[in-house]
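*Asks:* what follows is a predicted structure for the sequence shown.
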Amino acid sequence: MIAVIVRAERALVDTQERTDFCFAIQDERIAAIAPFEELRERFLDASVRDYGEGVALVPGFINGHSHAYQILLRGIGDDLPFARWRDEALYTIIPGLSPEDVHRTFAAAFREMLAGGVTTVAEFFYLNGNGNAHAEAVIEAARETGIRLVLARCWMDAPAAPEAFRESIDTAAKRTRELMANFPDANVCVAPHSVHAASFDMIRAAGEFAREADCRLHIHLAEAAYEGEQTAKQSGMTPLRLLESLGVVDERLVAVHAIYLDADEKKALADARASVIHNPVTNQYLGDGICDVTGLLDLGVPVGLGTDANVNASILDEMRAAALLQKLARRDAGAFDAVRAFRLATSLGAKALGVDAGDFRVGAYADYAVVDLNRLCAPTSPLVNALVYRAQAGVVRETYVNGARAFKAGEQGAAGAR
Ligand SMILES: [Zn+2]
């Protein structure tokens, strides 16, 4: 593949502003970062993408946890208590979707994410009870729109869950293996739903599967108080201690939510080198609680952000919510700053998912967004502060994944354009 040299008047690199920032893209990745003339000599046949005044390049955002088809619950699920939201909205609408419905819905959600600068999305996908056709529709939607997919392929066997979500352990393992073999670009990993929607045997088996397949294990953990009450009754343990007893708390674990954890449990996550995905907008929308992101980061736990229920599929919103919630939870405006929030959305999210992205770094995927500075309306603000506290999705002019344009403002379906 012929190299591309990207030259930007302004860029945000490791959260620091740089001027006249240049890098070369080859084979989907950043091949070199150097002054323009040096890149010109090294990549003789390269084409040049020149971003002049009025825009800045920022690393593509990482959406670490999403259920894209929940965009269909917008309006219908609003303002319902969690149990009613699940039973009357989620369980009523989602099980009836055909693979074609899934394809259309996911493509729409992925376009919305790309328009907000998201370049990688981890889809926690649980419509698997009737086979892989629905999951394949998700993969097709990702290919069509150009977003990078991490398919956190759900395993669920709770009798209370809709039949369209349920599988036996053997069937879930077989179908997950098939997806892994047939769709390497989907970054398939395993995702037992939660301690309440997957049996203990299924969670244990998913842990063994993750070790054998060398992949991440995503699971909803300690999202709401009722979960802890349930596990205490069933096993005498908290959700995290229960997961430990099932052998899945290790460096493969991606704990989604991680709200109801005591100090020792947070330390246990750090000691295990596990990751957390924080979903601050959904946590507010569903009245879940507030994850102690500050405490987890201080212990060295990589924390990423997710749009989860996709109230609005925007990582810009999630960054802002994450920062504001930490300030509120600690009653201290200085408890959390814009730089930390930006890292959650980029480099730390990528680390949590195990994806080589999230910043301008040699060897990383060439994923970035072009931000319209005129729409930020913050001439005196550092760029990172403006993005975290003030930016709306309309601020993104173009989004690139693997060096290829997947979104351009005013155009639909720009995937594959160069
Ligand atoms: Zn979720």
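*Replies:* Thanks, I have it.
*Asks:* run the chain-centre distance for the helix or strand where residue 179 lies.
*Replies:* Counting by DSSP states H and E, the element that carries residue 179 is helix 169-182. On the basis of CA atoms, centre = their mean, to the nearest Å, helix 169-182 sits 22 Å off its chain's mean C-alpha point.
*Asks:* try stretch 265-275
*Replies:* Centre-to-centre, stretch 265-275 and its host chain are 20 Å apart (CA atoms, centre = their mean).
*Asks:* who's in contact with that stretch?
*Replies:* 238, 240-241, 244, 249-255, 258, 261, 276, 292, 295-296, 299-304, 351-353 (CB atoms under 8 Å, 6 or more residues apart in numbering). All C-beta atoms are positioned from the backbone trio N, CA, C, and that covers glycine.
*Asks:* can we see that at 6 Å?
*Replies:* With contacts defined as CB atoms under 6 Å, 6 or more residues apart in numbering, stretch 265-275 is touched by 240, 249-251, 253-255, 295-296, 299-302, 352.
*Asks:* any idea how far the spatially most central residue of the chain is from residue 117?
*Replies:* In the chain, the residue lying closest to the centroid (CA atoms, centre = their mean) is residue 64, at 1.7 Å. Distance, residue 64 to residue 117, by CB to CB, to the nearest Å: 15 Å.
*Asks:* buried stuff in the host helix or strand of residue 319?
*Replies:* In this assignment (DSSP H and E), residue 319 forms part of helix 315-329. By 16 or more other CB atoms under 10 Å, the buried positions in helix 315-329 come out as 315-327, 329.
*Asks:* go on, stretch 177-187?
*Replies:* Counting neighbours by 16+ other CB under 10 Å, one finds that the buried residues in stretch 177-187 are 179, 180, 183, 186, 187.
*Asks:* contacting residues around the fourth one?
*Replies:* For residue 186, the contacting residues are 139, 149, 151, by CB under 6 Å, 6+ apart.
*Asks:* confirm that the second one sits in a strand.
*Replies:* Yes - inclusion of residue 149 in a strand is indicated when DSSP: H, G, I helix; E, B strand; the rest coil is applied.
*Asks:* how about the nearest residue to it, chain neighbours excluded?
*Replies:* residue 142 (3.7 Å; CB to CB, 6 or more residues apart in numbering).
*Asks:* what about that neighbour, how many neighbours?
*Replies:* Per other CB atoms under 10 Å, the neighbour tally for residue 142 reads 26.
*Asks:* over to residue 244?
*Replies:* Neighbours of residue 244 under the rule other CB under 10 Å: 17.
*Asks:* report pLDDT for it.
*Replies:* At residue 244, the pLDDT value in this model is 98.
*Asks:* what's the next secondary structure element after the helix or strand where it lies?
*Replies:* Assigned by DSSP H and E, residue 244 falls within helix 239-245. Downstream of helix 239-245, the first helix or strand assigned by DSSP H and E is strand 253-257.
*Asks:* show me what that next one is packed against.
*Replies:* Under the contact definition 3 or more CB pairs under 6 Å, 6 or more residues apart in numbering; DSSP states H and E, strand 253-257 sits against strand 217-221, strand 275-278.
*Asks:* okay, now the domains of the chain?
*Replies:* Listed domain ranges for the chain are 4-59+360-408, 61-353 (source: automatic domain parsing).
*Asks:* what's the mean pLDDT across the first one?
*Replies:* Averaged over domain 4-59+360-408, pLDDT sits at 95.
*Asks:* what is the end-to-end distance of that domain?
*Replies:* 18 Å (CA to CA, to the nearest Å).
*Asks:* circling back: closest one of the buried residues of stretch 177-187 to residue 58?
*Replies:* For those, the minimum distance to residue 58 (CB to CB) is 22.5 Å, reached by residue 187.
*Asks:* my read: the closest one touches residue 148, true?
*Replies:* No - using CB atoms under 6 Å, residue 187 is not in contact with residue 148; the gap is 7.5 Å.
*Asks:* so, low pLDDT: which residues of the protein?
*Replies:* Where the chain drops to pLDDT under 70, the residues are 1, 412-418.
*Asks:* for the protein, what's the longest helix?
*Replies:* Longest helix of the chain, by residue count under DSSP state H: helix 99-115.
*Asks:* name the helices or strands packed onto the helix or strand following it?
*Replies:* Counting by DSSP H and E, the next helix or strand C-terminal to helix 99-115 is strand 118-125. Using 3+ CB pairs under 6 Å, 6+ apart, the elements in contact with strand 118-125 are strand 61-66, helix 133-145, strand 148-155.
*Asks:* now the angle from strand 118-125 to helix 315-329?
*Replies:* Calculated by axes from the mean of the first three to the mean of the last three CA atoms, to 10 degrees, strand 118-125 forms an angle of 80 degrees with helix 315-329.
*Asks:* let me know the angle separating strand 118-125 from strand 148-155.
*Replies:* Calculated by the same axes, to 10 degrees, strand 118-125 forms an angle of 10 degrees with strand 148-155.
*Asks:* partners of strand 118-125 in the sheet?
*Replies:* Note on strand 118-125: by DSSP bridges, its sheet partners are strand 61-66 (parallel), strand 148-155 (parallel).
*Asks:* give me the contact list for the shortest one.
*Replies:* Put plainly, it is strand 61-66. Contacts to strand 61-66, defined as CB under 6 Å, 6+ apart, come from residues 113, 117-118, 120-124, 256, 277, 279, 304-308, 315, 345, 349-350, 352-353, 358.
*Asks:* and the helix or strand that comes right after that strand, how far from the chain's centre?
*Replies:* Next helix or strand after strand 61-66 toward the C-terminus (DSSP H and E): helix 82-84. The chain centroid and the centroid of helix 82-84 are separated by 24 Å, computed with CA atoms, centre = their mean.
*Asks:* what comes up buried for the helix or strand following helix 82-84?
*Replies:* Downstream of helix 82-84, the first helix or strand assigned by DSSP H and E is helix 91-93. Burial within helix 91-93, assessed by neighbour count using 16+ other CB under 10 Å, is assigned to residue 93.
*Asks:* with stretch 127-146 instead?
*Replies:* Quick answer for stretch 127-146 (16+ other CB under 10 Å): 127-129, 132, 134-146.
*Asks:* residue 362 should be in a strand, yeah?
*Replies:* No - according to three-state DSSP, residue 362 belongs to no strand; its state is coil.
*Asks:* which residues does it contact?
*Replies:* Counted by CB under 6 Å, 6+ apart, residue 362 has contacts 30, 33.
*Asks:* now it: how far from residue 48?
*Replies:* According to CB to CB, residue 362 and residue 48 sit 19 Å apart.
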